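Chemist: one predicted model, sequence on top.
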Amino acid sequence: MWLYKRTSSYLFAVINTAVKALGFSEAAFAITTKVSDEDNSRRYWGEVMEFGAASPMFTMISTLALLNLICFIGSGIRLAVMAPGVGYVGSMLVQVVLSGLLVLINMPVYQGMFLRKDGGRMPTSTTVTSLVLAVSACTCVAFLP
């Protein structure tokens, strides 16, 4: 949870401060009740993450989770292609392990985005926005010299 708190809160604070300095409107948070209906209450007491409402925080969290997933898959492909005799495995092993751990930590986010079908799943608009942002970031980085 500290990973979610640090990545989303600090990034959101920087963006909110920049938007405020430029004179645009500030972001507002909607507080939701956890016991308003039976499904929300069941998910709350079952300690299942609730992603039901669209939020800029969820967009940042899901974008970072997708970036971690893309990097992990890319590093796996790169290790499979370049591993024989290059010495690449030893130099990148720690990064691959760290990326794998981040993917494991983000499993509830992936479930909320792609697997869950209940009312607490990640909104489709947030999922699409995060996919576009993550793929755009990876594409931009891939074309850097």
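Modeler: Received it, and whenever you're ready, just let me know what you need. All of these numbers come straight from a predicted model, not from anything done at the bench. Numbers count the residues shown, from 1 in each chain.

Chemist: which pLDDT value belongs to A83?
Modeler: A83 is assigned a pLDDT of 61 by the prediction.

Chemist: again, but for G76
Modeler: At G76, the predicted lDDT confidence score is 81.

Chemist: so which strand or helix has it?
Modeler: Assigned by DSSP states H and E, G76 belongs to helix 56-82.

Chemist: check which helices and strands that helix is in contact with.
Modeler: Helix 56-82 sits against helix 2-21, helix 88-105, helix 107-110, helix 124-142, with contacts defined as 3 or more C-beta pairs under 8 Å, 6 or more residues apart in numbering; DSSP states H and E. Every residue, glycine included, has its C-beta placed from N, CA and C.

Chemist: the second one to helix 56-82, inter-axis angle?
Modeler: Calculated by axes from the mean of the first three to the mean of the last three C-alpha atoms, to 10 degrees, helix 88-105 forms an angle of 150 degrees with helix 56-82.

Chemist: the residue lying closest to R121 once chain neighbours are set aside: how many residues sit nearby?
Modeler: Using C-beta to C-beta, 6 or more residues apart in numbering and skipping the chain neighbours, the partner closest in space to R121 is G112 (5.4 Å). By the measure other C-beta atoms under 10 Å, the count of residues near G112 is 26.

Chemist: done for today, thanks.
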